[in-house]
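> Sequence and computational prediction follow.
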Amino acid sequence: MNPAGMTTYEIRVQGYLSPQRLRFEGLTVSHQPSGETVLVGPFPDQSALFGLLNWLQDLGISLTSVRRLEEAGNCVFDS
Amino acid sequence: MDTSLLATKLYIPPPRPNLVERPRLIERLDNGLRLDHRLTLVSAFAGSGKTTLLGEWAASCDLQFCWLSLDEDDNDPGRFWAYVVAALQTIHSKMGQSVLPMLQGPQPPPARSILTPLLNEIAVLPEPIIFVLDDYHLVTTEAIHDGVAFLLDHLPRQVHLVIATRADPPLPIARLRARGQLTELRADDMRFTPEEVAAFLNGVMGLGLQPEDVAALEARTEGWISGLHLAALSMQGREDTHAFLEAFTGSHHYILEYLIKEVLSRQPEPVQRFLLQTSILDRLCAPLCDALTSGRDGADMLERLQRDNLFVIPLDDERRWYRYHHLFGDLLRKRLGQLPPLSPPQAEGTKGGALEELHHRASQWHAGNGLLEQAVKHARAAGDFEQIAEMAEQAAGDSLLDARLTTLLRWVDALPQDVLRAHPRLQIYRAWALFMNGHLEAARQALGDCRQALETLPPSPENNALRRALTRLLDTIEMIARGLMYSMDNRIEEAIQVCGQARDMALEDGHVFLAAQATEGLALAQYHQGRLRASAQSCQQVIDLAAQSVAQSAAQAPLAAAGYVELAGIHIEWNDLEKAADLLDEALALCREWGIVQTLNEAYTAQSHLLQLRGDIEGAWDVLEKAREFGSMEGDSSLVNFRLATQQARLNLAAGEPEKAVRWVEGIKAAFASSERGQQLPAAFVETLQTMLARACLAQDKAEEALAALESLLAPAEAAGAFLHVIEVCALKALALQALGDTSAALASLERSLALAEPEGYMRMYLNEGKPMASLLRQAASHNVYPDYGNQLLAAFEIKIARPPAPPFPRPSALLEPLTPRELDVLHLISQGLSNKDIAGKLVIALNTVKRHTSSIYGKLDVKSRTQAVARARELGLLPTGQD
């Protein structure tokens, strides 16, 4: 695995997901006034990303969007 | 799980013949071991070759491997950990024996109660081992993730955990990665390098391709092993591989679908049909396949598929069971769904389409071979609910109350209402399971539904007989449920009547287990009635009845264990602490052997009380913690957790912290007041709360408030005949009145208490109240109020708590009636500290026989407990002194 090869993804879900509940580390959790929770963090590859997405699905949490942001080191956030 | 299939889950996949060896990956895996990484994670999408690689590693590695292939059905924590233990047992057959029983009960305990003892066993393994969890992505239960995370945190160095999965599991992976404790192989790592692609296509598959063709395939598949495999299968034996390559590499279709179609279409028609029909199976064996296809070539087919490397994987060395490679199986099933109905020859009278017919046949075969779990699974897919109901009824049979019934009931829960209604026996089982698991309200409702169902049964001689039998059964169960409720509500007379009736009915009908349950209710009611001796007798009856049950299933043990715990409580009240300790030991042994989690809580709580009375306060707190671990599953309002909290309040008082006890009382009241059920606190709970409050007030010198707390309790208790409460309340009132200086009123109150308590031998009721009670008793004796009883109690006050106040035994120089040789054997084993159960095992006799012997021994030695028996025997020279 290429250690530098992490890709940053932004995952938006509906509802309030508390940071304590999150079983995946290294993610920033923010809560939007819209009622969404936004998770942002680096993932080594798709399997890692799907790990998170599957877990969200198992909890019955609704996905709003999944976005790929710039490569790690150049994180660009849309406001 | 059915044991024949269990082995297939634990089977370590042997390395495939004609593998492309992947030394660089093996090296990375070995390196992870060398660096003592906690976790090796192989996370890559389906068909990347994870299992094959790990199988290759297992063959080349010197260390021993445990393997567990996971299924979606393994999402039950009890099963999951049972399989983990089973996998460990392939290396060390005794490992995890102590935790297995806990996993078989209806409610498995929290993960750490299972894992801590297991980890302790693993920590003393002589050689390191590797444990593989394959297909972990199929696990979706939070409780299991919790457990595995706990495992990772506490893993001893002897175990290297390997997880193979399609996507990263919800475990602290990032943390391990950051700390350098993780070895991971990801999709990029699993891809074949160009060299490996060439070795595979030309070497293993023998295609003899030109370098540029190899490169084209490598580019198209991106080194994805399954894609290459399928492509190679499509090209084998083709004249014009180049044409295929052009079509393939130029195609926009998703690789998989395209290739599957290719591979399938190139198989002879019988093979195609076989593949598609058997794709519905999780596991294949020749006879099962034949049942699905109505053919006889199952064995040949499977052998051929394996030989041709057509994605069939053996699950045991005998080559009896196979499964399809997951990806291949998925695609076959999808294809099966897309095609027009592929009827097996002579399909007749199928309900749904051909797919349902296939599941139906699979279900029949599994049922016929005793593999019920799978039978139910396929029956569900076939929509064969009637079949499921019948299988459930047959499996439950007449043994109403096997702990394993809860598995069956999972199936029952999935049945549609109309099917359930047509099977009243199943409804009763369901109601009973709810009752046994403490969901009284739901159980009562379910019982009501049962009655309705019984009524709607169409009349017929068979149905009428069934209706009669089941109605009686229903009545018995309902009475038992009511009896428990009445006891809690201080409706003692009614409780006794209803429980007695239920017991008689149950005994008449031969439902020994129900009779034991009814007797337990009776014991509880008698206890509240202040009749300790009758209650003790009932407890003993419960134990005897439970032991009697011929079925010897796990259902009896919880009742016997509960019986021992209740009986121990009574002996504590009689201040016979030795006997109480013996009884609790029996209870705990039963709990441990049969995995009875709910009674462990009560047993430990009682043990905490016992230790407290012996002055071992620290020990009492420790044991209470243990009790707490097992009590966390039910709500605060359940009887079991209530007792635990009561014991805690007692310890608080003993520690001189009455405020804590007060806070607890207020807390419970508040919790109940705000509970959505809007239920009233049962009268028995109220009594406990108020008397605890009164004691706390007395400890804080607030005698007025103590009296106030006790105020409303006396009259209802007298009226209901709940004399236990009368004894307690009058005793506490007496103390409060004395503190306020009103000695005559105090003595009057105490007299009432003693009058009821004396015939039943209450001791700790007064001993527990300490010096103030002692002084009050002295005054009572001097006023000639129950002087004999009072003096007996006072004598007990004088003796230190550590030893029971047993009367001195007579000391003849020899026994009037000597012990028989067998009794001497038993006595020897007792002196070595063996429990009755162990003695039974050692001498190969029945437990009841051991008890008869010990009874006789006690009688002949004129003692009341094991310790006394050993001491006496040594005195008489029957046992060498100093032997332990």
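Thanks, I have it.
> At the contact with chain B, which residues of chain A appear?
Taking CB under 8 Å from any CB of the partner chain as the criterion, chain A approaches chain B at residues A:1-2, A:23-26, A:44-55, A:58. Heads up, the C-betas are built off the backbone N, CA and C, glycines and all.
> Going by neighbour count, which of these are buried?
A:23-24, A:44-55 (16 or more other CB atoms under 10 Å in any protein chain shown).
> mind checking which helix or strand residue 48 is in?
Went with chain A since none was named. helix A:46-58 (DSSP states H and E).
> got the angle for the helix or strand just after that helix vs helix A:46-58?
Once the chain leaves helix A:46-58, the next helix or strand it forms, by DSSP H and E, is strand A:63-71. Using axes from the mean of the first three to the mean of the last three CA atoms, to 10 degrees, the interaxial angle of strand A:63-71 with respect to helix A:46-58 works out to 160 degrees.
> Contacts for strand A:63-71, please.
A:6-14, A:36, A:40, A:49, A:53, A:56-57, A:75-77 (CB atoms under 8 Å, 6 or more residues apart in numbering or on different chains).
> Next one, pLDDT for whichever residue of chain A sits closest to chain B please.
Using CB to the nearest CB, A:Gly51 is the residue of chain A that sits closest to chain B, at 3.0 Å. At A:Gly51, the model reports a pLDDT of 94.
> what sits against it?
Residues near A:Gly51 by CB under 8 Å, 6+ apart: A:24, B:43, B:137, B:165, B:167-170.
> In strands, which of those residues appear?
Within the contacts of A:Gly51, residues falling in strands by DSSP state E are B:43, B:165.
> List just the nearest of the contacts of A:Gly51 to B:Glu222.
Taking CB to CB as the measure, B:Glu222 lies nearest B:Ser43 of those, at 17.0 Å.
> Could you tell me which residues make contact with the residue nearest to the closest one when sequence neighbours are not counted?
The shortest distance from B:Ser43 to any residue other than its chain neighbours is 4.6 Å, reached at A:Ser47 (CB to CB, 6 or more residues apart in numbering or on different chains). A:Ser47 makes contacts with B:43-45, B:165-168, B:186-187, as judged by CB under 8 Å, 6+ apart.
> related to what we said a few turns ago, roughly how far is the helix holding A:Ala48 from the heart of the chain?
Taking CA atoms, centre = their mean, to the nearest Å, one finds helix A:46-58 lying 9 Å from the centre of the chain it belongs to.
> the strands in chain B, which residues?
B:39-43, B:64-69, B:129-134, B:159-165, B:182-186, B:312-314, B:322-324.
> which one of those has the lowest average pLDDT?
When I compare those, strand B:312-314 is least confident, with a mean of 87.
> And the contacts of that one?
Taking CB under 8 Å, 6+ apart as the rule, strand B:312-314 contacts B:13-14, B:51, B:284, B:302, B:305-306, B:321-325.
> Any of these buried? List them.
For those, a burial check counting by 16+ other CB under 10 Å picks out B:13, B:51, B:284, B:302, B:305-306, B:321-325.
> Those residues in helices, which ones?
B:51, B:302, B:305-306 (DSSP state H).
> just these now: which is nearest chain A?
Taking these together and measuring to chain A by CB to the nearest CB, the closest member is B:Thr51, at 15.3 Å.
> got the contact list for the closest one?
B:13, B:134, B:164, B:313.
> rerun that using 7 Å as the cut-off
Contact analysis of B:Thr51 by CB atoms under 7 Å, 6 or more residues apart in numbering or on different chains lists B:13, B:134, B:164.
> Could you find the closest non-adjacent residue to whatever residue of chain B ends up closest to chain A?
Closest to chain A within chain B is B:Asp168: 3.0 Å, counting by CB to the nearest CB. Spatial nearest neighbour of B:Asp168, chain neighbours left out: A:Gly51 (3.0 Å); criterion: CB to CB, 6+ apart.
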